Structures are given as structure tokens and as C-alpha cells.
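Trainee: pasting a predicted model and its sequence here:
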Amino acid sequence: MIVVAGGGAFGTALAVSLAANGPVGLWMRSPEAAEMAGRIRENTKRLPGVALPENIAVSADIDTVFEAETVLLALPAQQLRSFLEQFGERLSGKTLVACAKGIDVETMAGPVTLLERMVPDATSAMLTGPSFAADIARGLPTALTIACRDDEAGVRLQHALTTPSLRFYRTTDTRGAELGGALKNVVAIASGACIGKGYGDSARAALMTRGFAEMQRLAAFFEAEPQTLMGLSGFGDLTLTCTSELSRNYRFGLAWGRHEDFDKSLTVEGVHTALAVARLAEKEQIDMPITRLVADVVNGVLDVDDALQQLLSRPLKEE
């Protein structure tokens, strides 16, 4: 049986979709949340209005995770490392699929890289691509990427995770998949700020294009395959995240541009990714002005108005 570790909106949505294929486990950290979800068959806090099929076994018992052969780690990117530090030994030999998009701010590692370092005898993979939990849970057609260095394992995962409404494409370029999934969140914050400030759709399109160029430059530095960034885990995810208010990163940027408060209880992965990647770009002298300015706003070096103005006043050059 497949177990989804993480009872947030995305983890719950994956469990709902996978239930179309057979029994699936859903591990929640909170015993109270797990008991309620199992009793009323709904994750009211994270995914309200979506019924949990009866073949989803909800539990807060961590041992249910270790009993599965395949574990989908639907945990925030900044929590993945601590989870592996605590439970990595008990995950040895399993197939582990990271479902987070981000760069660990302490180690500068992406989700698959963390899995490979910390649970080296597991089969490590990453699930990424343009998707919102609400769409997946409602059974709306969605296409995602499964990235795994071991192509045979990737084929097995592709077939195991595909459902009538959820279609998977595979790649062995885990680094490219990591970078695409993480960096699009940074561009989404900037895009939201652009719209929130009232600069309009044309300005956002320009920002997305230049942001995509930054993604390609960092991918080239890490020798990722260029076509990966052109696919679902790069361009596809960038397009969705920068244009929909269902995206937390985009909504966070909107709040910036409008000088409004944002719910601090919500995870905004692009904030942590911007800080991590800006440090790396400065160290390696990689030109990433959008990422740097997002990091400067997070750090309080600039306000969002000054950051957007700096982007507009950059020196003219060839595309």
C-alpha cells in the first residue's frame, strides 16, 4: 500500500486521487486532526469540502508510514530534512517520493538531493509540476512529472501513481525537476507583487519571461537538462503559479504589492528559496536579479516598491 506522509492540502488531495487505484494511507502529524478526518471523512482544516473515500486509512501513528513500501513525503520543503533526521533509518530500502518544491535554506539542497544524502539506500524520486490541491482532489485533469534517476523505478512509479484524472510524465533529471519546482515560486512572488502594485499583465509577462531566464541560468550551472525546464516541472509550473490566486506564493506577492498583511500560518516556500538561491547566486556570480530583489525585500533591505523600480530601471541589453 502507498502511504502519503503529510496531512496538508496537497497530501490529502494526493491520497484522494490515489484512492481511485486502491487502498492508500494518509499520515497526519496531529492525532486530533487524524481522528477527526477519519471519523467525519474530511480534512476540514486543510481541504474542506472534499470527502475522503473509505479506502483511505487516516492515522497519526508514525509506524503506518514505515509499513509501506512506497511513501509520498508531502511535507513542506523546510521540514523535510528534520523529518529525515528523525526517521531516516526506518525509511531505508523504501521508495521515497518527495512532494515538496523548494530548496532547504540550511543545506542548499533540493528534496531529492536531501533524500539521496540522508537515506542513501532508498529509491528517491520527486513529484512535481503544475498542480493545485483543489484541482487534484476534485478529479480535474492534471499532468505532473515524476523525476527519478533510476528510470526503471521511475516507470514503476509512473504506473503506480497515475489515476484516471492524474497523468504522470517521467524524467531522470532530478536536478532540473528540483530547480524548476523551487524557482518558479520565487518568480510567482515577484509576479504577484507586480500585479498587486497595479503594473498590469504585460509587465507580469515580461517578469515571468525574465524569471524563466534566471531559472535556465541556474539550471545550466548545475548541468541540468535544458528540456526539463521547458516541461511541466519548469515552464508549466511557472505559468500556473504566476497567474492564479490559488498559488500561495502568488497571493503572498499580491499582498506585498498591495501593502496588505498575509496569513503567517501559511507556508510560502518561495521566501525560503529566494534566500537560499540569492546566496548561491552571489557566491557563484550567477545573474539572478529577480531572485536577489525578492530576497532583499524578505530581509528588509528594500521595500517592494523600490525592488520593482530597480527591475524596471536595469541597464538595457540584448535578450
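Mentor: That came in fine, so what should we check first?
Trainee: send me the helix of greatest length in the chain as CSV with only the CA atoms.
Mentor: Looking only at the chain and at elements set by DSSP state H, the helix with the highest residue count is helix 174-196. Coordinates of each C-alpha in helix 174-196 appear next as CSV, following Å, rounded to 0.1, in the frame of the first residue of the first chain:
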residue,chain,number,x,y,z
THR,A,174,16.1,15.1,-10.8
ARG,A,175,18.2,18.3,-10.5
GLY,A,176,16.3,20.0,-13.2
ALA,A,177,13.0,19.0,-11.6
GLU,A,178,14.1,20.3,-8.3
LEU,A,179,15.2,23.6,-9.7
GLY,A,180,12.1,24.2,-11.7
GLY,A,181,9.7,23.4,-8.9
ALA,A,182,11.6,25.6,-6.4
LEU,A,183,12.5,28.7,-8.5
LYS,A,184,9.0,29.2,-10.0
ASN,A,185,7.8,30.1,-6.5
VAL,A,186,10.3,33.0,-6.4
VAL,A,187,9.1,34.3,-9.7
ALA,A,188,5.5,33.9,-8.6
ILE,A,189,6.1,36.1,-5.6
ALA,A,190,7.5,38.8,-7.9
SER,A,191,4.6,38.3,-10.3
GLY,A,192,2.1,38.8,-7.5
ALA,A,193,3.8,41.9,-6.4
CYS,A,194,3.8,43.2,-9.9
ILE,A,195,0.0,42.7,-10.2
GLY,A,196,-0.6,43.9,-6.7
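Trainee: just how off-centre is the following helix or strand past that helix within its chain?
Mentor: Past helix 174-196, further along toward the C-terminus, the next helix or strand under DSSP states H and E is helix 201-221. Here the centre of mass of C-alpha atoms in helix 201-221, compared against the chain's by CA atoms, centre = their mean, to the nearest Å, lies 18 Å away.
Trainee: quick one: residues in contact with helix 201-221.
Mentor: 175-176, 179-180, 183-184, 186-187, 190-191, 194-195, 226, 228-229, 234-235, 238-239, 242-243, 277, 280-281, 284, 286-291, 311 (CB atoms under 8 Å, 6 or more residues apart in numbering). Every C-beta, even on glycine, is put in place using the N, C-alpha and C of the backbone.
Trainee: buried set for it?
Mentor: Neighbour-count burial for helix 201-221, with 16 or more other CB atoms under 10 Å as criterion, is recorded at 203-204, 207-208, 210-212, 214-216, 218-219.
Trainee: tell me the domain boundaries of the chain?
Mentor: By the assignment in the TED database, the chain contains the domains 2-172, 184-313.
Trainee: closest one to Glu319 among the ones you listed?
Mentor: Glu319 lies closest, by CB to CB, to one member of the domains of the chain: domain 184-313, at 8.5 Å.
Trainee: that older thread, could the domains of the chain be laid out in a markdown table, adding distance to Glu319 and mean pLDDT?
Mentor: Formatted as a markdown table, those follow (distance: least, CB to CB, whole Å; pLDDT from 0 to 100):
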| stretch | distance to Glu319 | mean pLDDT |
| --- | --- | --- |
| domain 2-172 | 25 | 97 |
| domain 184-313 | 8 | 95 |
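Trainee: tell me where the stretch 51-200 of the chain has strands.
Mentor: 56-59, 70-73, 95-98, 123-128, 142-147, 166-171 (DSSP state E, counting those that start in this stretch).
Trainee: and Ala160, which of those is closest to it?
Mentor: With CB to CB, the closest approach to Ala160 among the strands of the stretch 51-200 of the chain belongs to strand 70-73: 6.8 Å.
Trainee: now for Leu229, how many residues are close by?
Mentor: Each residue near Leu229 was counted by other CB atoms under 10 Å, and the total is 24.
Trainee: how about Arg279?
Mentor: Arg279 sits with 14 neighbouring residues when counted by other CB under 10 Å.
Trainee: which residues touch it?
Mentor: Met108.
Trainee: quick check, it in a strand?
Mentor: No: the secondary structure assignment for Arg279 gives helix rather than a strand, going by DSSP: H, G, I helix; E, B strand; the rest coil.
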